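Engineer: how would this look folded up:
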Amino acid sequence: MSEVAYDIKEQLEAVEEGLLDGESLYAVYDSKGAGTGFVGISDLRVVIQDESYVGGKIALTSLPYARVSAVSLVSNKSVFGRWVEASTLAITSGETIYEVEMRGHDKARHAHDLILYFITRR
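Structural biologist: You can find the predicted model right below:
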């Protein structure tokens, strides 16, 4: 397996601790903005940690690829009609859309492409 792409070592270690037997991890990227946490991407699922819950609670959500119906790069249109590089990742599972504001377009694009690869392989 190649080296895992990640931003913060503690987040990488948190996801690694919860891996299932035989599960391979590809990336763990930090998020920013409201509900900051991270997104982890393995060959079996997407793991999202959301720290925006009231009372200091944290949600760690696993989305198996069989339950992911879409992945999107979300961007705003500029005032001049050109698209700004996207840095938000949106993952649709059932009727829920999980939005993760990434730290840069390259990381958002890498996460998008990995998830797309795995959801198209089911």
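Engineer: ok, the residue nearest the centre of the chain - contacts?
Structural biologist: For the chain, the residue nearest the mean C-alpha position is residue 39 (3.5 Å; CA atoms, centre = their mean). Residue 39 sits next to 27, 28, 29, 31, 46, 47, 48, 49, 89, 100, 102, 111 when contact means CB atoms under 8 Å, 6 or more residues apart in numbering. Where C-beta positions appear, they are placed from N, C-alpha and C, glycine not excepted.
Engineer: if we use 6 Å, what do you get?
Structural biologist: By CB atoms under 6 Å, 6 or more residues apart in numbering, the residues touching residue 39 are 29, 48, 100.
Engineer: quick check, pLDDT for it.
Structural biologist: For residue 39, the pLDDT comes out at 96.
Engineer: what helices or strands is the helix or strand containing residue 106 leaning on?
Structural biologist: Residue 106 is part of helix 105-119, with elements assigned from DSSP states H and E. On a contact count with 3 or more CB pairs under 6 Å, 6 or more residues apart in numbering; DSSP states H and E, helix 105-119 meets strand 25-30, strand 68-74, strand 88-93.
Engineer: report the angle between it and strand 88-93.
Structural biologist: Between the axes of helix 105-119 and strand 88-93, defined by axes from the mean of the first three to the mean of the last three CA atoms, to 10 degrees, the angle is 20 degrees.
Engineer: what does helix 105-119 contact?
Structural biologist: Contacts for helix 105-119 (CB under 6 Å, 6+ apart): 26, 29, 41, 65, 68, 71, 73, 85, 86, 87, 89, 102.
Engineer: list the buried residues of it.
Structural biologist: 107, 108, 109, 110, 111, 112, 114, 115, 118, 119 (16 or more other CB atoms under 10 Å).
Engineer: CA atoms only for it, dumped as PDB, please.
Structural biologist: Output in PDB follows, covering the C-alpha atoms of helix 105-119 (Å, rounded to 0.1, in the frame of the first residue of the first chain):
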ATOM      1  CA  HIS A 105      -8.900  22.700  -3.800                       C
ATOM      2  CA  ASP A 106      -6.200  20.000  -4.300                       C
ATOM      3  CA  LYS A 107      -7.300  18.100  -1.200                       C
ATOM      4  CA  ALA A 108     -11.000  18.500  -2.000                       C
ATOM      5  CA  ARG A 109     -10.300  17.200  -5.500                       C
ATOM      6  CA  HIS A 110      -8.200  14.300  -4.300                       C
ATOM      7  CA  ALA A 111     -10.900  13.300  -1.800                       C
ATOM      8  CA  HIS A 112     -13.600  13.600  -4.400                       C
ATOM      9  CA  ASP A 113     -11.700  11.500  -6.900                       C
ATOM     10  CA  LEU A 114     -11.000   8.700  -4.400                       C
ATOM     11  CA  ILE A 115     -14.600   8.600  -3.300                       C
ATOM     12  CA  LEU A 116     -15.800   8.600  -6.900                       C
ATOM     13  CA  TYR A 117     -13.500   5.800  -7.700                       C
ATOM     14  CA  PHE A 118     -14.800   3.600  -4.900                       C
ATOM     15  CA  ILE A 119     -18.500   4.300  -5.500                       C
END
